[in-house]
Structures are given as structure tokens and as C-alpha cells.
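**Student:** One predicted model, sequence on top.
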Amino acid sequence: MTDLRADSDSPINRQVDLRARASGFVRSGLADLHGRKVIEVDAQGRDHAGALLPSDGISIAAGARAAREQRLPFVMRLASSGADIGTGVGALDGWGHAARELTRCSGIVPTIIIVTGPVVSGPALLLGLVDFVIMTTDAYAFVMGPRMVAEFTGVPISKDELGGASIHVRTSGVADFIADDEADALILTSELLGFLPDHTDADAPACACSDPTDRLTPEAYEVLPPSSNGSYDVRDIIASIVDHGDFLEPHAEWAANLVTGFAMIGGRTVGIVANQPQTVAGTLDIAASQKGGRFVSFCDAFNISLVTIVDTSGFYPGKDTEWRGMIRYGAQIAFAYARATVPRVSLTTRKSYGGAYIVMDSKKIGNDLAFAWPSAEIAVMGAKGAVEILHRRNTPEERAELEAAYEDRLLNPYIAAERGTIDAVIDPSDTRSEIHAALEMLAGKRERLPSRRHDNTPL
């Protein structure tokens, strides 16, 4: 691995060192990353497979503590095979100290880890403690390695199959992004930080916007297929609404039935949560609920307004899903929205049924402004399901007539608008201007939660 600090063209410019004379390979300090001040930790071991000495864990902890105290983003480059066996339990204690300090950063400063090589055993758990993880293509991470897995299960497996970057970005959800190499990962880190404030008491970044906020968006509605059951890519709607179509999407390949990411509208950072009809019809399953809940919670912690685009027929049905805890995990996204205090605007484009209607930032869960297109269908369930439950003894012809009547009477946004759960049914061409105006109105929103030590989120 190349030491970027020795490269004059490095995007990281270390300005102040912390624990510069400490033993071990971990080095940290105040650094400049493409013009952004961060606390940077280089924990890329080049000897003994990067085994952590006790002092290395303490140096990581010192970097995390400095980030929290100085109110600066924390960025760590990590490659380690775990605790140094030769130093005994002291190395484990050092790792525990690092884990504690990283946890204390949560919700105070943004935390990012770039995995550039192996991350094994205890250090791998650090990936689960930070806000964002970027892995290079040749990196891998796991708590128990291939040899232990084969010994316990009898199934041989390679490092890449067990914990390669592609596994973590698609299957486990540990990694948010894959980068070609370390330099690419640092560029991606800089792009991500461009949407984030330094700390929880700062406003999200804003900039001058050359994309007119009153720009019409007829192309957004043209994305919808003629059939209400047809699929489309919700990213096309997002691109039409946000500034210049620029959208940065963490976890793009994990839980693909829910799209989450950062953009700007009118020069202000927003977090976007959107059902993706291209994957399992945009229904919410366990992974999507976890993904959405964590993203909403992050945005709320760092003063990033939320825009939710709704098109879902409900939660994904299935015995295995229920047995694995759909109730608990589905509650995560509901919990995150219900406690969020940042400005929240929602747009229902097509379907919004049942419990998913509630958890996708409905008015009753705390949404500030709810819009809908004329194509929106807001109801307990679709016409076919409702008629099969209520009129299952009728003939097929009678059920077809009842379905048509149900659609005409209930599957539209106007009933919800009459009840006040939809604030306005808007022309799709005005979507960008309506959302921008709503966010401008809500920019001064202030809301306080009841005083308590902390909530008890459904993990």
C-alpha cells in the first residue's frame, strides 16, 4: 500500500499530528482533505499483517476523541488483521478503547472508514460503529475467517466469498461504496463530506444554485408506466427534482427496493428516501427497513432535511420474513421517522397502502408537508385485495365491477386530502418548485423531543 502522506499529490495534507511518537503503526491528526478539515487516522498496517498493538488502539481512540472534541468529521483508513497475539489482552483493551470513543462520536460528528486491505476480527466490528464505510475492490472484512468457518461448518470458502467488498456492498450492507483504489476512495469521501456538516450543531452545507428552482419537471411524471403495476426506476424522478440531477447514493446495491441518498435542492442538502418499484415492487422488507431507518436517523442527527418519495404496496409478505423479525425491523423505519425533528416533505407518486403508508413519513407519524400526484392511490390496500376479502363469495364478474367501483371511489389522493393527510395534490410538472418552496418554508423549523437520557430504538 502507498503511504499517501509521502505523496506530494496526496489529497490528504496532515497539518497537526496526534501521538506522533507513540509506538505502533497508527498515526492520526488534523488534516486537509480536498479543502475540508477532518481528523484523519491512518491505521493501515504494513508489518505483521497490520496486527494492532495496545498503543494502536489508543491512537485510534485519540483520533476519535479529537474529532468529537474539535467537532470535525472523522476519517480513518483501515487495514488490520486484528489484535497482536504477542501482546496478549492489552491489544484487545486498546481495540475496546477505540470502539468506545468511536461510539461516543455517533450523532456528533460524521464518521467514515475506508477499508484498504484486510480487516479481521475485532477491528471489523469498528465498521459497524461508523456512519459510512468505503471498501476498495481488493479489500475484505470478516469477524471469523475462512479457516474457522470451514472448521465449524465443513464448507470451504475463500476470503472474497466470505467478506469481499462485493459481498459487503450487496449482501451484508456493511459497505456503502466500492472504490477502485485508495485514491478513488478519498475522492469519494470528499464528495460525501460535501453534503455533510462538520458536526451536529452545524447546518447542512448550502451553496449557490444555478439550476432554477422553478424549473418544470414534466419528465418526472412521464417515468410512470401506463399500468399501475408496471415498474420504473425512481432514480429518474429523483434526478428530475434535484439540482442538476446530481445524486449520491450510499448502499445503492443493498436493499435495492429502497433508494436512499444525498442531493441538493435549491442549493441546500437534502436526504432522499424513495421506494424503488424496480425491485420487489418497492415493498418494504427487513433490509429496506433497516436501511431506511438508519439513513433517516443519520439525517436527523446532522440537520439534513428529508424528502420521501412514496410508491409502495406495503410490506413484503412471507413466512421467512415474519420469522426473521419483520415486526421488529419494520419498526426501525417507523421509529426513525417518528422521532425525526428535521424538516420533512413527502411526495406520493403512485401507491401508498397499509402499514407502509404510515411508516413512509405519513402525516400521522410526524411529516410536515405531504404532497401527492393525481396518480396517487392512498388506501388500506389495492382494489383486488380489498374485494377478495370483502366479497370473496361473489362471482368473478361481480368482483370485477366492485374492483372498478373501489378504484373510482377510494384509490385517489383526494379522499386523503379531504382528511388532511395530504396537504396538496400537485401537478407533477411543479414537483421541484413545490418541494423547494416547502423546504424553504420549513428551514426555520425547531422541534424538541422530551427530555430523557436516550431513546431505546428497536435495534
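**Tutor:** Received it, and whenever you're ready, just let me know what you need.
**Student:** From residue 265, how far out is residue 446?
**Tutor:** 21 Å (C-beta to C-beta, to the nearest Å). Placement of C-beta: from N, CA and C, glycine included.
**Student:** no, scratch that, I was asking about residue 240
**Tutor:** Distance from residue 240 to residue 265, by C-beta to C-beta: 11 Å.
**Student:** For residue 419, give me phi and psi.
**Tutor:** Note on residue 419: backbone dihedrals following degrees, to the nearest 10 are phi -90, psi -10.
**Student:** what about the stretch 351-459 of the chain, any weak spots by pLDDT?
**Tutor:** Counting by pLDDT under 70, the low-confidence segments of the stretch 351-459 of the chain come to 380-411.
**Student:** hmm, 80 instead?
**Tutor:** 379-412, 449, 459 (pLDDT under 80).
**Student:** swap in the stretch 51-200 of the chain?
**Tutor:** 51, 82-92.
**Student:** related to what we said a few turns ago, spit out the residues that contact residue 240 and residue 265 alike.
**Tutor:** residue 432 (C-beta atoms under 8 Å, 6 or more residues apart in numbering).
**Student:** quick one on the thing from earlier: ok, residue 446 and residue 265, which is more surrounded?
**Tutor:** In this view residue 446 and residue 265 are compared by other C-beta atoms under 10 Å, and residue 265 has more residues nearby, 23 against 5.
**Student:** Would you confirm that the more buried one contacts residue 244?
**Tutor:** No - using C-beta atoms under 8 Å, residue 265 makes no contact with residue 244, being 10.7 Å away.
**Student:** For residue 453, see how far away residue 200 is.
**Tutor:** Using C-beta to C-beta, we find residue 200 at a distance of 17 Å from residue 453.
**Student:** if you count what's nearby, which of the two comes out ahead?
**Tutor:** Ranked by neighbour count (other C-beta under 10 Å), residue 200 and residue 453 place residue 200 first, with 14 against 5.
**Student:** Mind checking what secondary structure the more buried one has?
**Tutor:** coil (DSSP: H, G, I helix; E, B strand; the rest coil).
**Student:** Then residue 109?
**Tutor:** The three-state label given to residue 109 by three-state DSSP is coil.
**Student:** Tell me who's in contact with it.
**Tutor:** 67-68, 71-74, 198-200.
**Student:** so residue 241 sits right up against residue 264, yeah?
**Tutor:** No - with contact defined as C-beta under 8 Å, residue 241 does not count as touching residue 264 (10.6 Å).
**Student:** Which one's more surrounded, these two?
**Tutor:** Under the neighbour definition other C-beta under 10 Å, residue 241 and residue 264 were set side by side, and residue 241 has more, 24 against 21.
**Student:** How about the more buried one, nearest residue that isn't a chain neighbour?
**Tutor:** Nearest residue to residue 241, sequence neighbours excluded (C-beta to C-beta, 6 or more residues apart in numbering): residue 432, at 4.9 Å.
**Student:** Give me the distance between the helix or strand encompassing that neighbour and the centre of its chain.
**Tutor:** Using DSSP states H and E, residue 432 sits within helix 431-442. In terms of C-alpha atoms, centre = their mean, to the nearest Å, the centre of helix 431-442 is set 23 Å apart from its chain centre.
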